[in-house]
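**Q** quick one, fold the following:
(chains A, B and C)
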Amino acid sequence: MTDRTRIFLLLTPALLLLGGLFLAGLGLGLLRSFRYMPALGLTEPDLSAYAAVLASPGFLASLGLSLWIAGVSTVIAAGLAVLSAVLLRQTFPGRAVILFLFQLNLTVPHLVGAIGILYLFSQSGSFARLAFAAGLIGAPADFPVLTQDPWAIGIILQYVWKEVPFIGLILLANLQAISPGHEAAARSLGASRWQAFRHVLLPMLMPGLVAASALVFAFAFGAYEIPLILGAHAPEALPVLAYRSFTDVDLANRPEAYAMAMIIALIGAGLLAVYARLALPSRGRDAR
Amino acid sequence: MMLELRGLTKTYPGHDRRTVEGLSLTVPQGSLTALLGPSGAGKSTVMQMIAGLQAPDAGDIRLGGKSILDVPPERRGVVLVFQNAPLFPHLTLAQNVGFGLRMRGLSAPVVAAEVAAMLERVQLAGLGNRRPHELSGGQVQRGALARALVLKPDLLLLDEPLSNLDAGLRDEMRALIMTLQRETGVTTVVVTHDQAEAVVLADRIALLLDGRLAQVAAPREIFARPATLAVARFFGGVNFLAGRVTGGAFDCALGRLPLPRGVADRGVADRGVADRPGTLTIRPEAVRLGQGDGALSARVIGTTFLGTQTRVELSVSGQRLEALLAPEAASALIPGQLLDVTLPTEALWLIPEDQKHG
Amino acid sequence: MRADRVRLLAGMALALWLVLPLVPLAIWSVAHGWRFPDLLPVAWSFKAWSHAFSASSGVLHGLGQSMLIASVATALAILVGVPAGRALGLYRFRGKQLVLLLLVAPVLVPPIAIAPGLHGVFLQLGLTGGVPGVILAHLIPVIPYMTLVMAAVFGRFDTSHEAQARSLGARPWQVFAHVTLPAILPGLLTGALFAFLVSWSQYLLTLVIGGGRVQTLPLVLYGFATSGRNDLTGAIAILYILPGALVLALTARFLTGRAPGLAP
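**A** This next block holds a predicted model:
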């Protein structure tokens, strides 16, 4: 058996199954977003669903909100993750505990995190009670609206809670792979600790950081159940809006749901392009 | 058993690795043959083809007179000991040594008895329960050898068995390989890139250069009588004199040097002419200082102390020559000094012109 | 000395923040009446837990469904992901980039983009509203994680051990059982744990393909979370994170953070 045959046989089951499911879902969604549904007598594809979606203020508000959620969550989580990775790189009492909590956090489903954030930060939640006990507020309504709020603070808090450990662990793994010699060389060349970090370590971490951030952005942008729990009623996060129009009793609105799905897929494809440039080995660099 | 390779050829499409080209070689039964060559010469590929782990593009592999091309590796009776996979890390030493026997489905008591006897033989008795990471480098190497020999193979292939060892262990391991090979009489092929190692270890050396067989001979023979310039250079040859053979002597920059009988005739049969170009070579350790028959006047260019020997660079009639001398013999030499050198006739060897590029 | 104090304080703040959202959930699960502005419940009770374990709540059924779906999806992912990971980890070949791209695509393209179309396809095949369809849908995010972890595992795998075993007389299946499997097992378990958790956490694909008829634990949890039963919600939430936490505690030595396929 030649290597080529062997590679083909090894890859085929996974690619058939995954490609079949993924591309079938994407393909049919694409056809329907063009209003191509022979079963309903629609055989002339057009772009009217996209036109309707893009013209609706509700969609644009939801798109904006989801981009805001994903963008802010990613930036804050990435920043805190870099800090915690640098912290966890050193030895100090309790380091092992935090590492374990980081890994534990990875196993907690987002939905649980969302409910936990809700119980912590809602107007009758734990922090509101602490504020009341401290005499800062007189009633739940006096507590600032941090969940189901227009700025999606609760949603962002949830993502920061879940994704700091995710990015942090990836950065820690990358840090372990970087030889301490580079930093030492920078220090001996006259760089301060901060300069050595800023000009030597951080650039080396950057590809991993950006790739992990792309994953986080994609998840925060496309997740459904977290904004469902922690989001305000209007505007809704884009996935919530897309699901609601998909389950709309009025079947005439279905193509618009598919069009929204495709626009979300397009944004995912954009992230894929970013990720591919940074994280996938290019031809020449691949060791084998 | 006797191993015969016939026209063995292997190309890797899309790889820039060297290929093996039309390799034919006979390894006599019971011999210890070294397959020698620089890294990238295709040695390991040849071993993997003999062991059945890779299929040749063309050619035949015969063991004991029968082609084994269609025999799967586990039934070939050939065991290849890899250089970089000494022992399975998740098994104990005893489990490692018993691995092949267990794969054959032998019962546990039989395996245990064979393993114990084998461990005794390689001086690892009592260490059977240790994991590879609890063993020293030398013990791991001996374990790997035991794991192969316990199967009583018809042919044993060792891929760079000494390359990862430091000097002391290397000698110990070399001695063990030679002893076990003599005791068991197993036909053995050792791959190595180190000519000194091949010379000490093997009774025959097959030199592989650029995927082709350059020469097969006993160590002494290949040292003194290299078939081509490339072979001579690989074995540390440094003294090459261009010239012509005429009437049993060699005309070159140093004058007319008489050739030993037999050497002067080299290439005559196929050329059919008595006057032809060639390259004369002499091992640096054969060059003598002092007066004698046909002594030449030389000037010392420089000396380098090498420990057990001293290398002396000489200029003879504008031709550069190197001599390896005992340090005490060379201690008084200073650059610029004039002296006499002798090139003993019996040490001269001729490489005909058309084989220059080997 | 001061840097040490800063480090310690930062570490303590981080640790507190990491456990904080889980605290009210745990307290709620054993609370009996916990109204604003009480800092702690007025009374404690295991009523929420006993209700969660009663058949009528549907929690155990949800747990069973989630276990079944995540286990089968993980098993299928191992079956196709180990070979594919081997190809990606050991060989370089034309089209490798494309294969990697296809594997990463389901991670970066959100489920909501694929679910509607997939629902249409599954409707034609009669796969909606049932466990098999949900399992197949979960494979979309699960296979990439399994495969990418295995690709990394095989990237560090030394095939000369396999060749050595072959030469020592092991048949191909013996080589796999005695040499390859022991070597890749820690990585395989890590990958399987994450594959399991990816399916275990899946919400939208279950909702769309199951059409509400497949009630996995997250769907049950969401139902109680939005019906004001905070005590039961707390209990289910704790129950929901328990398997992952348990497996993690048992296999902590395998997880060094080097696992490349962590789910965001």
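
**Q** just checking, what packs against whichever strand or helix holds C:Leu239?
**A** When secondary structure is defined by DSSP states H and E, C:Leu239 falls within helix C:230-251. Here helix C:230-251 touches helix A:95-107, helix A:110-121, helix C:22-29, strand C:31-32, helix C:47-52, helix C:59-90, helix C:181-201, helix C:217-225, going by 3 or more CB pairs under 8 Å, 6 or more residues apart in numbering or on different chains; DSSP states H and E. Where C-beta positions appear, they are placed from N, C-alpha and C, glycine not excepted.

**Q** B:Gly255 bridge partners, please.
**A** When bridges are taken as DSSP bridges, the partners of B:Gly255 come out as B:Cys252.

**Q** residues touching stretch C:7-14, excluding its own?
**A** Contact partners of stretch C:7-14, identified using CB atoms under 8 Å, 6 or more residues apart in numbering or on different chains, comprise A:Leu83, A:Ser84, A:Leu87, A:Gln90, A:Phe92, A:Pro93, A:Gly94, A:Arg95, A:Ile98.

**Q** which of these are buried, as a PyMOL select command?
**A** A single PyMOL command selects the buried members of the contacts of stretch C:7-14 (16 or more other CB atoms under 10 Å in any protein chain shown):
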select buried, chain A and resi 84+87+92+95+98
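
**Q** so which of the contacts of stretch C:7-14 would you say is closest to chain B?
**A** Minimum separation from chain B among the contacts of stretch C:7-14 (CB to the nearest CB) is found for A:Arg95, which lies at 26.9 Å.

**Q** quick one: residues in contact with the helix or strand hosting B:Glu183.
**A** For B:Glu183, the element it lies in under DSSP H and E is helix B:167-184. Among residues not part of helix B:167-184, those counted as contacts by CB under 8 Å, 6+ apart are B:32, B:121-122, B:137-138, B:141-142, B:145, B:149, B:152, B:156, B:158, B:161-162, B:165, B:188, B:190, B:197, B:200-201.

**Q** just stretch A:92-103 next, same as before
**A** The list of residues contacting stretch A:92-103 from outside it, by CB under 8 Å, 6+ apart, reads A:84, A:88, A:165, A:168-169, C:4, C:7-8, C:11-12, C:14-15, C:18-19, C:248, C:252, C:255, C:257.

**Q** also stretch A:248-256?
**A** Taking contacts as CB under 8 Å, 6+ apart, the residues outside stretch A:248-256 that touch it are A:32-35, A:37, A:40, A:48-49, A:52-53, A:245-246, A:257.

**Q** same question for stretch B:87-106.
**A** Surrounding stretch B:87-106, the residues in contact under the criterion CB under 8 Å, 6+ apart are B:74, B:79, B:110-112, B:114-116, B:118-119, B:124, B:127-133, B:135, B:139-140, B:143-144, B:146-148, B:150-151, C:161, C:164-165, C:168-171, C:174, C:178-179, C:182-183.

**Q** just the CA trace of it, in CSV.
**A** The C-alpha coordinates for stretch B:87-106 follow below in CSV (Å, rounded to 0.1, in the frame of the first residue of the first chain):
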residue,chain,number,x,y,z
LEU,B,87,12.9,-0.5,23.9
PHE,B,88,9.1,0.0,24.2
PRO,B,89,8.7,2.5,26.9
HIS,B,90,5.5,1.1,28.4
LEU,B,91,6.9,-2.5,28.8
THR,B,92,9.4,-3.8,31.3
LEU,B,93,12.8,-5.0,30.1
ALA,B,94,11.6,-8.7,30.4
GLN,B,95,8.3,-7.9,28.5
ASN,B,96,10.4,-6.1,25.9
VAL,B,97,12.7,-9.1,25.4
GLY,B,98,9.7,-11.5,25.4
PHE,B,99,7.7,-9.3,23.0
GLY,B,100,8.4,-11.2,19.8
LEU,B,101,7.9,-14.6,21.4
ARG,B,102,4.6,-13.5,22.8
MET,B,103,3.5,-12.3,19.4
ARG,B,104,4.2,-15.8,18.1
GLY,B,105,1.7,-17.0,20.7
LEU,B,106,4.2,-18.9,22.8
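
**Q** run the chain-centre distance for it.
**A** Computed by CA atoms, centre = their mean, to the nearest Å, the separation of stretch B:87-106 from the middle of its chain amounts to 31 Å.

**Q** what is the rounded mean pLDDT of it?
**A** Computed over stretch B:87-106, the mean pLDDT rounds to 92.

**Q** report the buried residues of that stretch.
**A** B:87-88, B:90-104.

**Q** follow-up on the earlier one: so for the helix holding B:Glu183, what gets flagged as buried?
**A** In helix B:167-184, the ones that count as buried by 16+ other CB under 10 Å are B:Leu169, B:Arg170, B:Glu172, B:Met173, B:Arg174, B:Leu176, B:Ile177, B:Met178, B:Leu180, B:Gln181.

**Q** how far away from the center of its chain is that helix?
**A** Distance of helix B:167-184 from the chain centroid (CA atoms, centre = their mean) equals 16 Å.

**Q** do stretch C:50-68 as well
**A** Per CA atoms, centre = their mean, the displacement of stretch C:50-68 from the mean C-alpha position of its chain is 19 Å.

**Q** quick one: contacts for the closest residue to chain A within chain C?
**A** For chain C, the residue positioned closest to chain A under CB to the nearest CB is C:Pro110, at a distance of 2.1 Å. When contacts are counted by CB under 8 Å, 6+ apart, C:Pro110 is found next to A:Ala218, A:Phe219, A:Phe221, A:Gly222, A:Ala223, A:Pro239, A:Ile264, A:Ala265, A:Gly268.
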